[in-house]
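Chemist: what's the 3D shape of this:
(2 chains)
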Amino acid sequence: GAVVSQHPSWVICKSGTSVKIECRSLDFQATTMFWYRQFPKQSLMLMATSNEGSKATYEQGVEKDKFLINHASLTLSTLTVTSAHPEDSSFYICSAQGDRIGNQPQHFGDGTRLSIL
Amino acid sequence: SQKIEQNSEALNIQEGKTATLTCNYTNYSPAYLQWYRQDPGRGPVFLLLIRENEKEKRKERLKVTFDTTLKQSLFHITASQPADSATYLCALGRNSKLTFGTGTRLQVTL
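Modeler: From the prediction side, this is the model:
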């Protein structure tokens, strides 16, 4: 149980392109989803938290107009990297939590490797 | 600012031995602490959660301790196997938000 699917797993695109990443909880309802990015040999850095039906909460230093998050249903959240540039190249990982109680595990997708040329 | 320290150097142990990984933190009062396993190119996989009022948790060959006075958690894998080779991340949590350490790479050899 508690499977999270992330798509696509790998994207290469030209600078200036917008890229959409999907995160789906397959066998549970995710009231809260999280988006992280991870650089090589570094820790996961939380970018934003999204609750179904409400606006995402972004961490300090993360541009909300650059990284658009939509959590339209209890099983799907999307992250759109708008007008991507080479410095946006990274490993983006989503996670989902089945309730709003904080001290529960997060279930992660397998990440999306984004490379901007 | 918050700081989470995990041994950045890889931990190499022999199969069958107990692996002990350390997570130290400063400037933070987590309500709970979680340990995850991450394989290369994959997302983290949840292993154990321990709350601030708990001292120890066990799950099969895994054991985690949590000392809020020392601001430290220890993660043990007993009877380690080559399949346990991975990077292990500790994450401190409060109000649903997790802050991750950089992880420790464990290599179990035959």
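
Chemist: which ones are touching residue 105?
Modeler: Using chain A here. A:Pro105 sits next to A:2, A:97, B:34, B:46, B:49 when contact means CB atoms under 8 Å, 6 or more residues apart in numbering or on different chains. (Glycine included, C-beta is placed from N, CA and C.)

Chemist: um, chain B though
Modeler: Neighbouring residues of B:Arg105 by CB under 8 Å, 6+ apart: B:10-11, B:86-87.

Chemist: Can you tell me which of those are buried?
Modeler: B:86-87 (16 or more other CB atoms under 10 Å in any protein chain shown).

Chemist: The contacts of B:Arg105: which ones sit near chain A?
Modeler: For chain A, no contacts are drawn from the contacts of B:Arg105 by CB under 8 Å from any CB of the partner chain.

Chemist: Out of the contacts of B:Arg105, which comes closest to chain A?
Modeler: Nearest to chain A, judged by CB to the nearest CB, of these is B:Thr87 at 9.5 Å.

Chemist: The lowest-mean-pLDDT helix or strand in chain A: which residues count as buried?
Modeler: In chain A, the helix or strand scored least confidently by mean pLDDT, DSSP states H and E is strand A:67-73, which has a mean of 91. In terms of neighbour count (16+ other CB under 10 Å), strand A:67-73 has its buried residues at A:67-69, A:71.

Chemist: Could you save these as CSV and add columns showing distance to chain B?
Modeler: Below are those laid out as CSV (distance: CB to the nearest CB, whole Å):
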residue, distance to chain B
A:Phe67, 17
A:Leu68, 21
A:Ile69, 15
A:His71, 14
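
Chemist: Now chain B against chain A: closest residue?
Modeler: As assessed by CB to the nearest CB, chain A sits closest to B:Gly43 within chain B, at 3.5 Å.

Chemist: Run a quick neighbour tally on that residue.
Modeler: B:Gly43 has 23 neighbouring residues, counting by other CB atoms under 10 Å in any protein chain shown.

Chemist: contacting residues for the residue nearest the centre of chain A?
Modeler: For chain A, the residue nearest the mean C-alpha position is A:Trp35 (3.3 Å; CA atoms, centre = their mean). Shown in contact with A:Trp35 (CB under 8 Å, 6+ apart): A:23, A:46-48, A:50, A:67, A:69, A:77, A:79, A:92-94.

Chemist: how about 10 Å then?
Modeler: Listed by CB atoms under 10 Å, 6 or more residues apart in numbering or on different chains, the contact set of A:Trp35 reads A:21, A:23, A:45-50, A:56, A:58-59, A:62, A:67, A:69, A:77-79, A:92-95.

Chemist: And A:Lys66, by the same measure?
Modeler: Residues in contact with A:Lys66 (CB under 10 Å, 6+ apart) are A:58, A:80-85, A:88.

Chemist: what do you get for B:Thr78?
Modeler: Taking CB under 10 Å, 6+ apart, we find B:Thr78 in contact with B:16-20, B:58, B:60-63.

Chemist: a markdown table for the residues you listed, including secondary structure and neighbour count?
Modeler: Output for the contacts of B:Thr78, formatted as a markdown table (DSSP: H, G, I helix; E, B strand; the rest coil; neighbours: other CB atoms under 10 Å in any protein chain shown):
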| residue | secondary structure | neighbour count |
| --- | --- | --- |
| B:Gly16 | coil | 11 |
| B:Lys17 | coil | 13 |
| B:Thr18 | coil | 12 |
| B:Ala19 | strand | 22 |
| B:Thr20 | strand | 14 |
| B:Arg58 | strand | 12 |
| B:Glu60 | coil | 8 |
| B:Arg61 | coil | 14 |
| B:Leu62 | strand | 16 |
| B:Lys63 | strand | 17 |
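
Chemist: Cool, thanks, signing off.
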